[in-house]
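# Just need the structure, nothing else, for what follows:
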Amino acid sequence: DIELVGEGSKTPVREALLKLRQIGLVESTGRRGGRVTFPSRSSIQHAYEARRALESSAAEIVAERGSDEDILLIGASARSCLAAAESGDLVGFRRYDMSFHEQIGEATGNPRLNELTADSLALVMALRRRDVPHAGDSVLCARAHMVIYEALAARDPDRARVAMRDHVRQVEGYVLASLDEDALAP
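Numbers count the residues shown, from 1 in each chain. Here you go, the predicted structure:
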């Protein structure tokens, strides 16, 4: 349990806890505190369902009205992600993976949707045990980024939405397949 203590730090701590609760990483335990949310198969599935809906919509919007410059940046991240994955650079892969998804949220031009997609991404990153269970999976994941980028570059909203939906479902499958339910318990 997390309890707010100390008079001088209540406001920043309270704001931080509210943000963590909004994201889904802390659950309230009453008026004075909260508890860190522990991952479970169902909490991970729920988080990925939300992420899939948000990011699929974001990809559709970017294909419709994203700037050419934003789409080029997304493409650069997708290519860098694939290069890192193919060379076995998992740190680079994770960095470009995050950049790719963050850039899509930003490219929507919708601050609320960007915030929600960022929160959803933060939640799944915190709930899952590791980014991609196997190096081979990172290559498949990065190739999916290229498919999404190609749909964005073609300005095809339907294809972009479906490609993102399939990609998030693919990653959810990797994460759920790697779960050890005993390791999820607090």
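
# Remind me what the helix or strand containing Ser138 packs against, helices and strands.
Under the criterion DSSP states H and E, the helix or strand holding Ser138 is helix 135-153. Here helix 135-153 touches helix 41-65, helix 68-86, helix 90-107, helix 157-177, going by 3 or more CB pairs under 8 Å, 6 or more residues apart in numbering; DSSP states H and E. All C-beta spots, glycine's among them, are computed from the backbone N, C-alpha and C.

# relative to helix 157-177, how tilted is it?
160 degrees (axes from the mean of the first three to the mean of the last three CA atoms, to 10 degrees).

# Was I right to think Gly66 contacts Ala153?
No - counting by CB atoms under 8 Å, Gly66 stays clear of Ala153, with 9.9 Å between them.

# Spit out the contact partners of the spatially closest residue to Met164 that is not a sequence neighbour.
With CB to CB, 6 or more residues apart in numbering as the criterion, Met164 has its nearest non-adjacent residue at 3.9 Å, and that residue is Ala59. Ala59 sits next to 104, 148, 151-152, 157, 160-161, 163-164 when contact means CB atoms under 8 Å, 6 or more residues apart in numbering.
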